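Colleague: next input, structure requested:
(3 chains)
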Amino acid sequence: MIGSLNEQQQAAVTLPEGHALVLAGAGSGKTRVLTTRMAWLIQTSQVSPFGLLAVTFTNKSAREMLTRLSSLLPINTRGMWVGTFHGLCNRLLRAHHRDAGLPQTFQILDSADQLSAIKRLIKAAGIDDDKYPPRDVQRFINGSKEQGLRPEQVDAWDAHRRGLISIYEQYQAQCEREGVVDFAELLLRAYELLSRNAPIREHYQRRFQHILIDEFQDTNDLQYRWLKLLAGGGASLFAVGDDDQSIYAFRGANVGNMAAFERDYAKGNVIRLEQNYRSHGHILDSANALIAHNAARLGKNLWTEEGEGEPVRVCEQGTDLLEAQWVVDEIKSLVNDGHTRSDIAVLYRSNAQSRVIEHALFSSGLPYKVYGGLRFFERQEVKHALAYLRLITNPNDDTSWLRVVNFPARGIGARTLEQLGDAARAAGSSLYGAVDSLSGKSGLKLQAFAELLAQLTEQAHYLPLPEIIEHVVHHSGLRDFYMGEKEGEDRLENLQELVNAAAVFVGEEGMVGEPALSQAARETVDPLDMAGPPTMSPLDSFLSHASLEAGDNQARAGEDAIQLMTVHAAKGLEFDSVFMTGLEEGLFPHENSLTEQGGLEEERRLMYVAMTRARKRLYLTLAQSRMLHGQTRYAMRSRFLEEIPDAHLKWLTPKVSTMGAAMGSGMGSSWSGSGYRRGDAYNRPSTGAMSPREPRLATSGVRVGEKQFRIGQGVHHAKFGDGTIIGLSGMGNDAQAQIQFRDVGTKTLALGVAKLDIVSS
DNA sequence: AGGAACCTTATTTTT
DNA sequence: TAAGGTTCCT
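Modeller: Alright, predicted model coming up:
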């Protein structure tokens, strides 16, 4: 089992009891180490399968872990505590819903549900949504919860913040009333349950002797505290992660947890997995060199036994269209040489960039798949069906009620619902609970809807799950509605797919809550532990499943196609050939990141992730100009390109200036260095591929009145201070410049209007 | 209630 | 550019 592991991997797998941190570089066999350790612990009888707790971030990696485990050991993994933070917390809360103060059939809101609940609240409370945009409120609530803070614990340092706190409070009350919890609430509730209820806490602390965490660099503060609490009874924490691949700070992840964990738990027990089994030498060395520019690292240097392989190729084109065309041409020749299409990925920083690439691929007839669209359970028709199902389980779920009370149309309009809302508020009840208080025609219509729900609920008692859904789709009118739609076919298909998914779910997980424990295991589990009570119906389990696992985020597998995705979506994947596109200042690193604390370093980690996806060939491409927000923008080459030693790079188009993006850390510093004559470069067509319609590039710059503006120029503005021109567009008095100011970030100014002094060129 | 016209906005998104 | 949201008109 462990024979085929390298020395460090073996050391990690066979660590004795105690806390440990495994710094696992990209492609270093992280998952393998994690699963092998679990298997080793079980096989050497150090722990029963039920004394293990393994936490991941995605359902996919949880599944993979279980699959690998069953291939290593002849055990039944059902009933083991292996899952996502959210999945495990859900399990905990279902088992102890009473102690957690939740109804047994509480529903889980996904992000979209949460947002609509917030919008509804803001509207009902008459709050100014210009002052409190629902998205900001959502971020505030989730941010607070992720720090473990309830409304009364949040600092209220100004009026606006007090407003946010008040909304948070009302939102929480609304959730309680409706019996729903959001994602962050799952974690916070579970944390509070454990910290407040000593018997339950001690039970689980006793039970889990080994706690393993995957992707530790992505944990937020609350997750870390949850782990510490669970491990408080003497369990061993085994955390695996890579600080260099932390790219989710914007969602609350705190890389600092790694250093904290090393300091507080794993002191002297840190193992580095630095041998990379994925990438060839030049690629790996490039990535190493790049990430070395980050200051706050735990430190790690990947190496490979592979040869140096091919150099990293760099290609600069005049426009985004030409860049896309070049990428597609290169892909074509790779495919002609026999390379598998699905082993080729095109990556980009932001989704909007996929369009030109898709267009070029489409025109060339190459099949491709874009990852990251709507997921199955997020589709409109599926959410509608799920809303009906939720109402069967809990008619007080106002979010679901409002979603389908008039869908398909039943003549229940906004006016009626407003009255219903008022009545509900007056009575302190849910919308469903207030139906009878409305009279007249609208009252009758509401009662008819309530009657429909009652019927569906009644039938749900004796039908198996797939048939419940079929029934609901039929009798709710959804089926007829979509049959009448011109684009309805796909939607009907998805509804059928939902029925199938339920059938599969019942088959696979029908026993959820009643894990088939072996006799031995049963003895080690005390009566407190009722993970998933037997009283939980298949419908309830399925609804949890639907919320916690939104399904495939990607085009369905099948045809062998080029893979398109953002860098974020590529994390954890690998490809023979990777095209990293759009390597321009402002795009990558993204301009918004430059004003954020630690933003540039996170962008650099993102670039590191992108590069380390490639096994054999890595291409870095950029365009001098690109269409962005309906405007042509001119940008400098990304500084990341300057951070990779030339020895690893092969420029397919002439590399012109070494200054271009070399702003390094001293942004805004003088760069009037001798070699900086970007203009020349632009004037010289850099490849034969240049189109005759090549746009006027920024080289010549833009003349406004007396002044000649160019990209890269240092300028001074009376109000914004010193900055550098990073983009120019338009001509004459319509000309605009994107200027990166040292202190106030990037602004777009009209050159005809703004009073700018040229400081340096 | 539905549709057209208008305005605003634009990074990434495991659960 | 183009999507999403709002408002206004029928």
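Colleague: quick one: name the residues of the stretch 601-750 of chain A near DNA strand B.
Modeller: A:606, A:629, A:630 (Cβ under 7 Å from any atom of the strand). Where you see a C-beta, it was placed from the backbone N, CA and C, and this is true even at glycine.
Colleague: could you dump those residues to JSON lines with distance to DNA strand C and neighbour count?
Modeller: What follows is these, written out as JSON lines (distance: Cβ to the nearest atom of the strand, whole Å; neighbours: other Cβ atoms under 10 Å):
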{"residue": "A:606", "distance to DNA strand C": "23", "neighbour count": "25"}
{"residue": "A:629", "distance to DNA strand C": "5", "neighbour count": "7"}
{"residue": "A:630", "distance to DNA strand C": "2", "neighbour count": "5"}
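Colleague: include secondary structure when you put those into JSON lines, please.
Modeller: Output for those, formatted as JSON lines (DSSP: H, G, I helix; E, B strand; the rest coil):
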{"residue": "A:606", "secondary structure": "helix"}
{"residue": "A:629", "secondary structure": "coil"}
{"residue": "A:630", "secondary structure": "coil"}
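Colleague: now, which of these sits nearest residue A:283?
Modeller: residue A:606 (16.3 Å; Cβ to Cβ).
Colleague: could you check the pLDDT of that closest one?
Modeller: Residue A:606 carries a pLDDT value of 97.
Colleague: my guess is it contacts residue A:567. True?
Modeller: Yes: contact status for residue A:606 versus residue A:567: in contact at 5.2 Å, counting by Cβ atoms under 8 Å.
Colleague: and stretch A:747-755, end to end?
Modeller: With Cα to Cα, to the nearest Å as the measure, stretch A:747-755 spans 14 Å from end to end.
Colleague: for the residue in the stretch 101-250 of chain A that DNA strand C sits nearest to, which non-adjacent residue is spatially closest?
Modeller: Residue of the stretch 101-250 of chain A nearest DNA strand C, by Cβ to the nearest atom of the strand: residue A:129 (6.9 Å). Counting by Cβ to Cβ, 6 or more residues apart in numbering, residue A:129 lies nearest to residue A:122, which is 5.3 Å off, once chain neighbours are set aside.
Colleague: and the one you found, helix, strand or coil?
Modeller: Judged by three-state DSSP, the three-state class of residue A:122 is helix.
Colleague: now stretch A:712-727: mean pLDDT?
Modeller: When pLDDT is averaged along stretch A:712-727, the result is 79.
Colleague: need the residues touching each of residue A:606 and residue A:567.
Modeller: Both residue A:606 and residue A:567 are in contact with A:247, A:349, where contact means Cβ atoms under 8 Å, 6 or more residues apart in numbering.
Colleague: any idea how far residue A:363 lies from residue A:321?
Modeller: Distance, residue A:363 to residue A:321, by Cβ to Cβ, to the nearest Å: 11 Å.
Colleague: returning to what we had before: so what's the residue nearest to residue A:129 up against?
Modeller: Counting by Cβ under 8 Å, 6+ apart, residue A:122 makes contact with A:129, A:132, A:134, A:137, A:167.
Colleague: including secondary structure, could those go into TSV?
Modeller: Converted to TSV, the contacts of residue A:122 look like this (three-state DSSP):
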residue	secondary structure
A:129	coil
A:132	coil
A:134	helix
A:137	helix
A:167	helix
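Colleague: which one of those residues sits closest to residue A:415?
Modeller: residue A:129 (20.7 Å).
Colleague: mind checking pLDDT for the closest one?
Modeller: So, for residue A:129, pLDDT stands at 82.
Colleague: got the phi and psi for it?
Modeller: phi -80, psi 0 (degrees, to the nearest 10).
Colleague: just to revisit the earlier point, pLDDT score assigned to the residue nearest to residue A:129?
Modeller: 89.
Colleague: SS state for residue A:23?
Modeller: Once three-state DSSP is applied, residue A:23 turns out strand.
Colleague: ok, it - contacts?
Modeller: Residues near residue A:23 by Cβ under 8 Å, 6+ apart: A:241, A:242, A:243, A:270, A:271, A:272, A:273, A:298, A:300.
Colleague: could you export those as TSV, including pLDDT?
Modeller: As requested, these are exported to TSV (pLDDT from 0 to 100):
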residue	pLDDT
A:241	96
A:242	97
A:243	96
A:270	95
A:271	96
A:272	96
A:273	96
A:298	92
A:300	90
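Colleague: quick check: mean pLDDT of stretch A:99-116?
Modeller: Averaging pLDDT along stretch A:99-116 gives 92.
Colleague: quick one: buried residues of it?
Modeller: Buried residues in stretch A:99-116, counted by 16 or more other Cβ atoms under 10 Å: A:100, A:102, A:104, A:105, A:106, A:107, A:108, A:109, A:110, A:113, A:114, A:115.
Colleague: what's the answer for stretch A:148-156, then?
Modeller: Applying 16+ other Cβ under 10 Å to stretch A:148-156 flags A:148, A:149, A:151, A:154 as buried.
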